[in-house]
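Chemist: Sequence and predicted structure, then a few things I'm wondering about:
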Amino acid sequence: LGHPRTGTTLLHSLLALDDNEWAVCSTFCAGFPSSFLWLERCGGKRLFRGVIDDHRPMDNVKLDFDLPQEDEIATNAISGGVSPYMPLFLMRQEPEFRPFYDFEESSFEKKKCWINAFLFLCRKLTLRAAIKTRTQSPRLLLKSPVHTARIKLLLQLFPQAQ
């Protein structure tokens with residue numbers, strides 16, 4: 001958990017180096033959340049390798065399909081835009097997405113939609129890690145600055161989370 005521009009990406013990247021300990025949402029998983037399990041196995045990374053730059057434009061950090069990425073990007077896509085990340089595409093409508101930080105003022109339906117999308121992604125990432133390591137799947141290592149506003153909700157979903 002942490003605010004943007006405070007080193008969370010660096011810490012996330014360092015922890016994710018141990019893929020025996022951690023399962024992460026990679027850039028590929030975030031970009032193709034509905035189909036990454038299939039696409040990774042059939043050459044999707046080679047097919048789409050030209051669609052991303054080598055470095056992030058805001059800070060020149062390396063960017064690659066296999067590097068860890070913010071899970072909220074994938075949850076945004078799976079949930080059909082129930083995310084504070086949606087204003088990246090619809091900036092003029094940003095106030096409409098503010099309730100999706102902590103869901104305290106959102107409708108029950110929107111909160112449930114986000115929870116279902118998030119849990120679906122978590123299950124897929126866990127399955128991916130189990131397939132990749134061929135052992136009991138590692139713990140999930142998730143990173144999105146918006147989760148800082150969701151501590152209460154995340155603890156309800158994952159009471160044993162650390």
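Modeler: Everything's here; your move.

Chemist: Any idea how many residues pack against Lys110?
Modeler: Look at Lys110: counted by other C-beta atoms under 10 Å, it has 17 neighbours. (Glycine included, C-beta is placed from N, CA and C.)

Chemist: what does Gln93 give?
Modeler: Other residues within reach of Gln93, judged by other C-beta under 10 Å, total 11.

Chemist: repeat for Pro87
Modeler: Pro87: 17 neighbours (other C-beta under 10 Å).

Chemist: Contact partners for it?
Modeler: With contact set as C-beta atoms under 8 Å, 6 or more residues apart in numbering, Pro87 has these partners: 93-94, 97.

Chemist: Would you mind finding the longest helix in the protein?
Modeler: helix 108-133 (DSSP state H).

Chemist: That one: what's the following helix or strand?
Modeler: Under the assignment DSSP states H and E, the closest C-terminal helix or strand after helix 108-133 is strand 139-141.

Chemist: Need the mean per-residue confidence for that next one.
Modeler: Averaging pLDDT along strand 139-141 gives 91.

Chemist: List the buried residues of the longest helix of the chain.
Modeler: 110-111, 113-115, 117-118, 120-122, 124-125, 128-129 (16 or more other C-beta atoms under 10 Å).

Chemist: still on that earlier bit, nearest to Ser79, out of the contacts of Pro87: which one, please.
Modeler: Set against Ser79, the nearest of these by C-beta to C-beta is Phe97 (11.4 Å).
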